[in-house]
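>>> predicted model and sequence below, questions to follow.
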Amino acid sequence: ERRRLNIGYVARSNGVSSYREISPQRLTHYRDNWYLDAWCHLRDELRSFAVDAIKAVKIVDAPACDVAESQLDATLGAGYGIFSGSEVRWATLNFIAQRARWVAAEHWHPEQEGVFLEDGSYKLRVTYSNDPELIMDILKYGPDCEVVGPAGLREKVVGLLKAAVGRYGDE
């Protein structure tokens with residue numbers, strides 16, 4: 001009926017509960033999870049809400065705001081993964097030769113750019129907006145992946161790797 005919803009939502013990132021009035025736009029299935037793309041009237045912007053993190057729903061007697069599909073795609077589909085946004089940057093990642101063939105066959109993002117280098121390694125360039133999901137994918141490759149840029153992304157990954165080593169002590 002294109003009505004607004006009041007939702008109780010628990011953010012996965014920090015466990016904080018909030019109540020939002022939203023205008024639902026579309027459902028997205030990504031990596032075995034469902035997300036509700038919606039206009040968030042509290043934040044006054046488009047947001048994606050994990051459906052399983054929505055704890056309460058009430059229909060509001062007000063018409064939902066309609067957002068053009070092109071705007072949804074530009075804002076929520078521009079960067080890497082489900083945590084996207086309108087500010088898009090490029091990440092450059094280098095993978096060692098032993099991992100190159102596997103990574104070259106993977107689909108990270110529709111606008112990705114990849115090239116094999118002379119030493120057999122693979123350079124992948126991929127767009128991203130918010131980095132949590134990209135960082136998770138980088139870290140799963142451990143020493144087989146190096147973040148070349150941007151510097152801020154590289155620093156975050158280095159910090160996380162140092163923290164991981166720190167959990168193991170001096171072994």
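Arrived safely, thanks for sending. Since the model is a prediction, treat every value here as computed from it, not as a measurement.
>>> point out where this protein drops to low pLDDT.
31, 77-86, 170-171 (pLDDT under 70).
>>> any idea where the helices of it begin and end?
69-76, 97-104, 132-139, 151-166 (DSSP state H).
>>> could you identify which of the ones you listed is most buried?
helix 132-139 (a mean of 17; mean count of other CB atoms under 10 Å). All C-beta spots, glycine's among them, are computed from the backbone N, C-alpha and C.
>>> now do that helix against helix 151-166, angle only.
60 degrees (axes from the mean of the first three to the mean of the last three CA atoms, to 10 degrees).
>>> can I get the helices of the chain in a markdown table with distance to Ser23?
Output for the helices of the chain, formatted as a markdown table (distance: least, CB to CB, whole Å):
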| stretch | distance to Ser23 |
| --- | --- |
| helix 69-76 | 12 |
| helix 97-104 | 39 |
| helix 132-139 | 25 |
| helix 151-166 | 32 |
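>>> for those, which one sits closest to Leu27?
Nearest to Leu27 among the helices of the chain is helix 69-76 (11.7 Å), distances taken as CB to CB.
>>> distance from the chain centre to that closest one, please.
Remark: helix 69-76 is offset 15 Å from the chain centroid, using CA atoms, centre = their mean, to the nearest Å.
>>> show me the contacts for the residue nearest to Ser17 when sequence neighbours are not counted.
Nearest non-adjacent residue to Ser17, counting by CB to CB, 6 or more residues apart in numbering: Val10, 5.1 Å away. Shown in contact with Val10 (CB atoms under 8 Å, 6 or more residues apart in numbering): Val16, Ser17, Ala53, Lys55.
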